[in-house]
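Asks: Structure for the following, please:
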Amino acid sequence: MTTTPKDNDLSPEEMEALVRKYDNETNFRRLGGVTGLLVAGASIVLSIFHIYTSGFGLLSEVLHRSVHMAFIMPLVFLLFPRPTHDRMGRAWGFGLAFAAFYIFLGWTLADALSDRIPLAAQWGLIGVTVLLAATALPARGFGGQGDRLAPFDWPLAIAGGASSLYLILFFDSIFIQNVGFPQPLDYIMGLLAIIMVLEAARRTMGETLPVIGTLALLYAIFGPYLPGDLAHRGYNIIRLVNHLYLGTEGIYGIAIGVVATFVFHFVLFGVLAQKSGLGQLFIDLASIVAGRYSGGPAKVAVVSSGFFGMISGSPIANTVTTGAFTIPMMKAKGFSGRFAAAVEASASCGGQVTPPIMGAAAFVMTEMLGIPYNELILIAIIPAAFHYLSTLFMVHLEAKRLGLSGIDKDKLPQFREVLGRSWHLFIPLIVMVTMLLMKYTPFLAAFWGIILTIVCSYIPLILQIFGLGRGMDASSALTPVRLKDALENGAQQSISITAACACVGFILGVTTLTGMGFKFSGAVIDGAAWLGATLTALDPLDLFTQNDVTLFFALIMVAVACIVMGAGIPTTPTYIILAAIAAPALQNLGVPLLATHFFVFYYGVLADITPPVALAAYAGAGIAKSDPMQTGMTAFRLSMGKALVPMMFVYAPSLLFIDWQFWDFTLALSSGILSIIALSVAYIGFFKTEVARWEKPVLTVAGLALVLHNVVLIAIGAAVVLTILWRNHVKAQGQGPRPMGMVQE
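Replies: Predicted structure coming up:
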């Protein structure tokens, strides 16, 4: 029997509301009238533009990115309400800070151009920035909350689009005829672009990322006045605007390039695939694969989240979409609501590391490292497998501890029935993955995936016309109305990531200008070296070298930075920032470049289930009706096993197929699996029977030793873990079989 919406506790409207509550990136206004038609039309045109260019050729680099931004920026201010805060004092604090910064930029640029533009134009520039600054203030009279447009939303939408439209209209003049000799109007439009990007990021992401972007800009300007190693020569507003607006190192840099050429297409493919029924197919297949085993619904949640993550890449959307079915099933079988929501959230975060579609960060990684995407998705297989192995094993142990059974056989979907009904949905996915593996460009693979998804959705309808296709669901065809909705929704789901990546461009641009990454790298290495020297001085047996300890502390520092930054920023911006700033520290300590980027990427993903801002866990708690903070803590503890996985990449790069050798890879894989098992048993406190209190810390230390990829430590750690597991196995045999159907307190 196939799981249907009637089996869950949430209606589609409630699911949408839950996503909107915890995922600010999809908190769109519901617009009607002429404005709604214009927004829908612009979204559809943008989707068609990207589909066409992905199949028939991209525009030049800056021009293509400018067209994308010219559509996205107006949509930000029309679709997203003004940022809200629980306390008005905090809202006014942020508003005044941004307003003052905008006025400062306008005044500084007017002064810098004083010998090139008349006095009236200077005051006009200052006046415009004052007006823009006023819109940053949270004055209630401005409105703009909920679905209601504010009086200044249209002017902001026009201004946001104008800064990119200017580059399109005067492309030849700026980048060909007068290259290297910008005109005053170029600088003014550049300043407008900077302010609009910061405001767009505030609308879609909240204050954290724009604050970091603003600090980066201030760092570039006030470099000569900073103390110690932070100081640098400094860059005036002219140089800064020129670098961030008229080149490919800032707003229109690599991050926006990836969104406009890769991410958009795969987001649109995911939306179309879900509307054609692929999401339900994944849930059915997961039920067939894992549903009959102990704690079946929880294992279905893990497997379905892995399947769904291949076409989603959004932890919150993944949590709500699959969790609406699996969380009620887990609760009905005996899991607590808190544990059920935590399992779903923990598993859903794996979508961003699950090939073949790994979220926007993976596409950025291919550009930053110069690795073809087809190679990256193969490299990501082991990290993704470790992620889900950890969650599955903890779920299995918890189910065994509670004595929970699987889903009744008569309630599971039948494989032949599911395959007969939905076999056509595999065609686009298979073709797309095959093209990626054959080294076709990702956007061309996405083009054919999109086209085939639309075409194949009509296969059941066509077959039934000829009296064939009995049992197939013809209602999933992407009719013109459903296709229109998908094109509109696909464009709108790319808005927030575009705004975030444009803001990240400030950080990347300032990093290349000032060498900020090298300074941060040096600070991390110096701090880790000091800790390493202190610890090795206290090691009378010389068990560890100072280099080993320095590397360990550097890893801890970078991991903490990833988790802290990821608590307020989505995965992709977190990865981009730390890959540019923090990853060089690890590389300078001898860690391979690919391993450093995967390390940062992986910990950025884990931030989505790391309190106090564990949004995926909070979304799951909304379905389970459990306490959000407790659910977040449980999800974090469920992820402790896979939190060690990035350490494995560093100490055993062969897991990422770096300098691959069979025996080294086998040792790393085996010790990694055993480490995950040890930590899972330590956390759940059960293996065949209840684990003794003293065994938990021993298993934890032994599990950590297994990660360090030292033959002696692996041998000792493996002996300790296997001894404790065998001891509990023997103890369980003496206790007899456990009763089934126990209920968790």
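
Asks: Let's verify residue 323: helix, strand, or coil?
Replies: helix (DSSP: H, G, I helix; E, B strand; the rest coil).

Asks: got the contact list for residue 397?
Replies: For residue 397, the contact set (Cβ atoms under 8 Å, 6 or more residues apart in numbering) comprises 680, 681, 684, 686, 687. Just so you know, the C-beta spots here come from the backbone N, C-alpha and C atoms, and that holds for glycine as well.

Asks: One more pass at 6 Å, please.
Replies: The contact partners of residue 397, by Cβ atoms under 6 Å, 6 or more residues apart in numbering, come to 680, 684, 686.

Asks: how far away is it from residue 177?
Replies: With distances taken as Cβ to Cβ, to the nearest Å, residue 397 is found 68 Å from residue 177.

Asks: again with residue 663
Replies: Distance, residue 663 to residue 177, using Cβ to Cβ: 61 Å.

Asks: next one: residue 76
Replies: Distance from residue 76 to residue 177, by Cβ to Cβ: 31 Å.

Asks: What segments of the stretch 451-600 of the chain are strands?
Replies: With DSSP state E, counting those that start in this stretch as the criterion, the stretch 451-600 of the chain has no strands.

Asks: Mind checking which of residue 76 and residue 177 has more residues around it?
Replies: residue 76 (26 against 10; other Cβ atoms under 10 Å).

Asks: just checking, that one touches residue 202?
Replies: No - between residue 76 and residue 202 there is no contact under Cβ atoms under 6 Å: 9.7 Å.

Asks: Next, count neighbours for the nearest residue in space to residue 485 that is not next to it in sequence.
Replies: Spatially, and ignoring its direct neighbours in sequence, residue 485 is nearest to residue 275 (7.5 Å; Cβ to Cβ, 6 or more residues apart in numbering). Around residue 275 there are 20 other residues, counting by other Cβ under 10 Å.

Asks: Rebuild the contacts of residue 397 as CSV, extending it with neighbour count.
Replies: Listed next are the contacts of residue 397 as CSV, based on neighbours: other Cβ atoms under 10 Å:
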residue, neighbour count
680, 27
684, 22
686, 20
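
Asks: Residue 210: which of the residues you listed is nearest?
Replies: Closest to residue 210 out of the contacts of residue 397 is residue 680 (39.3 Å), distances taken as Cβ to Cβ.

Asks: Hmm, residue 392 and the closest one touching each other?
Replies: No - in this structure, residue 680 is not within contact of residue 392 by Cβ under 6 Å, at 9.3 Å.

Asks: in stretch 620-639, what's buried?
Replies: 620-624, 626, 628, 630-639 (16 or more other Cβ atoms under 10 Å).

Asks: show me the contacts for residue 196.
Replies: Residue 196 makes contacts with 159, 160, 163, as judged by Cβ under 6 Å, 6+ apart.

Asks: The nearest residue to the last one once chain neighbours are set aside and residue 281: what is the separation?
Replies: In space, not counting the residues next to it along the chain, residue 163 is nearest to residue 193; the distance is 3.7 Å by Cβ to Cβ, 6+ apart. In this view, residue 193 and residue 281 are 43 Å apart by Cβ to Cβ.

Asks: In terms of neighbours, single out the busier of these two.
Replies: Legend: neighbour count by other Cβ under 10 Å for residue 193 and residue 281, higher for residue 193 (27 against 24).

Asks: That one: what's it in contact with?
Replies: For residue 193, the contacting residues are 163, 245, 251, by Cβ under 6 Å, 6+ apart.

Asks: Just put those residues in TSV and tack on secondary structure.
Replies: Output for those, formatted as TSV (three-state DSSP):
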residue	secondary structure
163	helix
245	helix
251	coil
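
Asks: so which of these comes closest to residue 346?
Replies: Taking Cβ to Cβ as the measure, residue 251 is the one of those closest to residue 346, at 35.3 Å.
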